[in-house]
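J.: Here is a sequence with its predicted model. Questions after.
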Amino acid sequence: MKLIAAVLVSTAVFGGAVAQTPEPTANSHADATHAMMKAGDAKRDNAVEQHIKDLHSTLKITAAEEPKWQEVAETMRENAKDLDKAIDKRESAMGSATAVDDLKSYAEIAQVHANAVKKLASAFSGLYSMMSDDQKKEADEVFSHRNHEGKKVAGQ
């Protein structure tokens, strides 16, 4: 659900900014699009770093767990970059996309997201196996689907 919201917000921001640009030339339009994508990427990068920091604190990662945590954190960063690329690709085609193109690009984003969740689960399993029972209980709560239904999520 958050992914859908992020895509919709990105689309709305992108569309609004393009609509406000007076008589764009091909170069100015491309430059504005590139600048907006970079700004969006930076904002998402900052959000990922904050989420990593919040999870580290919430899960009370110990010194012994730190190497496995770093693998999880790096996976989260890589996943965010992959998602950024998919979103940027979709945003750059928004002006000329047909309904079919739009659906296909959304499917690509959904697939990138699904792959990211699989990668994160794999990276997190090694860390989870090292955690104390209290940490596992907290992790179970943080990653449960209940958190996506309006309950508090770590870092929010």
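T.: Perfect, thanks for sending it.
J.: pLDDT weak spots in this protein?
T.: The chain contains residues with pLDDT under 70 at 1-40, 146-156.
J.: Mind doing that once more with 90?
T.: Applying pLDDT under 90 to the chain flags the ranges 1-45, 84, 87-98, 101-102, 105, 143-156.
J.: Which stretches in the protein count as helices?
T.: Here the chain has its helices, by DSSP state H, at 2-20, 26-58, 66-92, 99-130, 133-143.
J.: and those, which is most packed in?
T.: Of all the helices of the chain, helix 66-92 has the most neighbours on average by mean count of other CB atoms under 10 Å, namely a mean of 18. (C-beta placed from N, C-alpha, C; glycine too.)
J.: Just the CA trace of stretch 109-126, in CSV.
T.: The C-alpha coordinates for stretch 109-126 follow below in CSV (Å, rounded to 0.1, in the frame of the first residue of the first chain):
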residue,chain,number,x,y,z
ILE,A,109,7.5,-1.6,-10.0
ALA,A,110,5.4,-4.3,-8.3
GLN,A,111,7.9,-7.0,-9.5
VAL,A,112,10.9,-5.0,-8.3
HIS,A,113,9.1,-4.6,-4.9
ALA,A,114,8.4,-8.3,-4.7
ASN,A,115,12.0,-9.2,-5.5
ALA,A,116,13.2,-6.7,-2.9
VAL,A,117,11.0,-8.4,-0.2
LYS,A,118,12.5,-11.8,-1.1
LYS,A,119,16.0,-10.4,-0.9
LEU,A,120,15.3,-8.7,2.5
ALA,A,121,13.8,-11.9,3.9
SER,A,122,16.9,-13.8,2.9
ALA,A,123,19.3,-11.3,4.4
PHE,A,124,17.2,-10.9,7.5
SER,A,125,16.9,-14.6,8.2
GLY,A,126,20.6,-14.8,9.2
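J.: what residues does it touch?
T.: Stretch 109-126 is contacted from outside by 3, 7, 68, 71-72, 74-76, 78-79, 82-83, 85-87, 90, 139, 143, using CB atoms under 8 Å, 6 or more residues apart in numbering.
J.: Now do the same contact list for Glu138.
T.: Glu138 neighbours (CB under 8 Å, 6+ apart): 58-60.
J.: how does it look with 10 Å?
T.: 55, 58-60, 131-132, 154 (CB atoms under 10 Å, 6 or more residues apart in numbering).
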